[in-house]
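> Can you look at this prediction? I've put the sequence above it.
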Amino acid sequence: MTNSTKGILLASTTAIMWGVLAIALKVALNYIDSYTIVWWRFTASFLTLAVFMGIRNPRSLNILKRPPWLLLLAGLLLGINFIGFQQGVFYSGPAVTQIIIQAGPVLLALTGFLFFKEAVTAVRITGFILAAVGFFFFYHAQLESLPAKTDLQIGVLWTVIGAFTWTGYAIINKVMVRKTPPMQVNLILYGLPMLLYIPLADFGALFQAHSAAIWLLFLFLAFNTLLAYGSLSMALKYTEANKISIIVTLNPIITFILLEILLWGNVHWFDSPAMAPLAYVGAIIVLIGAVLAVGARKRKVNAGNVNPLP
């Protein structure tokens, strides 16, 4: 197996993990609320990473004593991003949230040449324009198809907040990883939101007597971020970043396919508004625009430490 093939398979693993995540988050809402889910995800990631770092290099945990203020700000933004995505899934469903959240990578690509002097190409400009048109078309088509529009509007607003805060977090991360090891960065990024969401988490609902299947669902949510990002990090060692960006950006397609399979199989794990036919057209335009904006970069591969969307 060639290195390029390995990279593509690992990036595909990341895309699958995030494609399934939106549906898993929606199912979990049948048992615990959004804030508890977010707290659980950050806590599991923080504790797992802290134990690993403590065994491998105990001194690396010293960053917990005096974390850089920029890193704390990034952690705050990431915490808002997670709840924004989660509430988007709650109010507007997995499919809508997966499309609207693509504003995050597009905004990050836009800031790339506005603030980081990345190359401006005709392909990327075309991508930005297509993404903007696609977002408008998708939202308008989906809104017009629903008799009750409030939930969709609230969900989209939450998701847009999540996309903007993710962009801010990612920009700070680009700066921080130049002088701080990625694992130490992630430790703070997971640890601060874990503390912030403690007052909002419903521990009684989380730790009550759930079935084994529900606990497997909770465990999947807990380790999704670590597993997906681990695959992404390994993928960046084997193939070009632009190829990986394109594959990961297409993860909403996996969500759409799974939702159609659930519908075809008459599986009713949750209620979610149906996608309007014209909304699918808007979604395709968004994804094409995002791929062009994110993937068409003429610069060196940089693994960095910017986790894709949750």
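Great, that's in hand. Numbers count the residues shown, from 1 in each chain.

> now the lowest-mean-pLDDT helix or strand in the chain: how far from the chain's centre is it?
The weakest-scoring helix or strand in the chain, judged by mean pLDDT, DSSP states H and E, is helix 241-249 (a mean of 74). Centre-to-centre, helix 241-249 and its host chain are 14 Å apart (Cα atoms, centre = their mean, to the nearest Å).

> residues near L262, how many?
Neighbours of L262 under the rule other Cβ atoms under 10 Å: 15. Yep, even glycine has a C-beta here, placed from its N, CA and C like the rest.

> Just give the nearest non-adjacent residue to it, would you?
W269 (6.9 Å; Cβ to Cβ, 6 or more residues apart in numbering).

> same deal with W18?
Nearest one to W18, counting by Cβ to Cβ, 6+ apart, is N251 at 4.5 Å.

> Kindly report the same for A141.
That would be L278: by Cβ to Cβ, 6+ apart, it lies 3.8 Å from A141.

> Might one say that the one you found is in contact with L143?
No. The pair formed by L278 and L143 falls short of the contact definition of Cβ atoms under 8 Å, at 10.9 Å.

> where in this protein is pLDDT low?
116, 146-148, 236, 241-242, 272-274, 295-310 (pLDDT under 70).

> Can I get the following helix or strand past the least confident helix or strand of the chain in CSV? Just the C-alpha atoms.
Helices and strands here follow DSSP states H and E; after helix 241-249, the next one along the chain is helix 251-264. The C-alpha trace of helix 251-264 is given here as CSV (Å, rounded to 0.1, in the frame of the first residue of the first chain):
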residue,chain,number,x,y,z
ASN,A,251,-18.1,14.4,5.5
PRO,A,252,-21.7,15.8,5.3
ILE,A,253,-22.3,13.4,2.4
ILE,A,254,-21.8,10.5,4.8
THR,A,255,-24.4,12.1,7.1
PHE,A,256,-26.9,12.4,4.2
ILE,A,257,-26.3,8.8,3.1
LEU,A,258,-26.8,7.5,6.7
LEU,A,259,-30.0,9.5,7.2
GLU,A,260,-31.4,8.2,3.9
ILE,A,261,-30.5,4.6,5.0
LEU,A,262,-32.3,5.2,8.3
LEU,A,263,-35.3,6.6,6.5
TRP,A,264,-35.3,3.7,4.0
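
> Helix or strand for the residue nearest to A141, just tell me which one.
With DSSP H and E as the test, L278 turns up in helix 277-295.

> Could you name the helices and strands sitting against that helix?
Applying 3 or more Cβ pairs under 8 Å, 6 or more residues apart in numbering; DSSP states H and E, one finds that helix 277-295 contacts helix 94-100, helix 103-115, helix 122-145, helix 241-249, helix 251-264.

> Show me how far the shortest one is from its chain's centre.
Relative to its parent chain, helix 94-100 has a centroid offset of 11 Å by Cα atoms, centre = their mean.

> so what's the backbone phi/psi at P68?
phi -60, psi 140 (degrees, to the nearest 10).

> State the three-state secondary structure for K179.
coil (DSSP: H, G, I helix; E, B strand; the rest coil).

> just use 32 as the starting number from now, easier for me
Got it, first residue is 32 now, which makes that one K210.

> which residue packs closest to Y122, ignoring adjacent ones?
G186 is the one closest to Y122 (Cβ to Cβ, 6+ apart), at 3.2 Å.

> With L263 instead?
L263 sits nearest to T45 (Cβ to Cβ, 6+ apart), 4.6 Å away.

> One more: A162?
According to Cβ to Cβ, 6+ apart, the nearest residue to A162 is G320 (3.2 Å).

> ok, the one you found - how many residues close by?
24.

> Relative to I130, how far out is D302?
Applying Cβ to Cβ, to the nearest Å, one obtains 19 Å for the distance of D302 from I130.

> quick one: buried residues of the host helix or strand of K57?
Following DSSP H and E, one finds K57 within helix 34-59. When burial is assessed from 16 or more other Cβ atoms under 10 Å, helix 34-59 yields the following buried residues: 38-46, 48-59.

> quick one: the helix or strand just after that helix to chain centroid distance?
Counting by DSSP H and E, the next helix or strand C-terminal to helix 34-59 is helix 65-87. Distance, stretch centre to chain centre, for helix 65-87: 16 Å (Cα atoms, centre = their mean).

> now the angle from helix 65-87 to helix 34-59?
Put simply, helix 65-87 runs at 140 degrees to helix 34-59, going by axes from the mean of the first three to the mean of the last three Cα atoms, to 10 degrees.
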